[in-house]
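> Build the 3D model from these lines:
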Amino acid sequence: MSVLLEFSMFPTDKGESVAEYVSKIIKMIDESEYEYQLTPMGTIIETYTVKEALEVVQDAYMILEPHSNRVYSSLKMDIRKGHMGRLKSKIASVEELIGEVSK
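Numbers count the residues shown, from 1 in each chain. Now for the predicted structure:
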């Protein structure tokens, strides 16, 4: 199984810039076994199970909880049986089609 999780999480009581706090979450993900892609609006990770994806969310919250009275989070999941490596292959599929269209 492949679970693509796109999520963002940040404290709401730390002003306009929350990069200091987001970087702590990204460091945790970087040290995990999971492939991920950081984007300007969130982070996408690929796990083997829904449980693993939700554990990453829980771990991210635990990083922020000591520093904030309020944490915002947004989550989206794409769950598919039997296909790992979709973090890169989904993009490659679209880029390949774009190349065919422009010919």
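> So Thr43 lies in a strand, does it not?
Yes. With DSSP: H, G, I helix; E, B strand; the rest coil as the criterion, Thr43 is assigned to a strand.
> Neighbours of the nearest residue to it once chain neighbours are set aside, how many?
Excluding its sequence neighbours, the residue lying closest to Thr43 (Cβ to Cβ, 6 or more residues apart in numbering) is Tyr36, at 5.8 Å. Yep, even glycine has a C-beta here, placed from its N, CA and C like the rest. By other Cβ atoms under 10 Å, the residues close to Tyr36 number 16.
> Look up the residues forming beta bridges with Tyr36.
Beta bridges link Tyr36 to Ile45, judged by DSSP bridges.
> Please determine how far it is located from Ile45.
Computed as Cβ to Cβ, to the nearest Å, the Tyr36 to Ile45 distance reads 4 Å.
> Need the overlap of contacts for those two.
29, 87 (Cβ atoms under 8 Å, 6 or more residues apart in numbering).
> pLDDT-wise, which helix or strand of this protein ranks last?
None of the helices or strands of the chain scores lower by mean pLDDT, DSSP states H and E than helix 86-101, at a mean of 88.
> Show me what that one is packed against.
With contacts taken as 3 or more Cβ pairs under 8 Å, 6 or more residues apart in numbering; DSSP states H and E, helix 86-101 sits against strand 2-11, strand 35-39, strand 42-47.
> JSON lines please, covering these and showing mean pLDDT.
Listed next are the helices and strands packed on helix 86-101 as JSON lines, based on pLDDT from 0 to 100:
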{"stretch": "strand 2-11", "mean pLDDT": "98"}
{"stretch": "strand 35-39", "mean pLDDT": "97"}
{"stretch": "strand 42-47", "mean pLDDT": "98"}
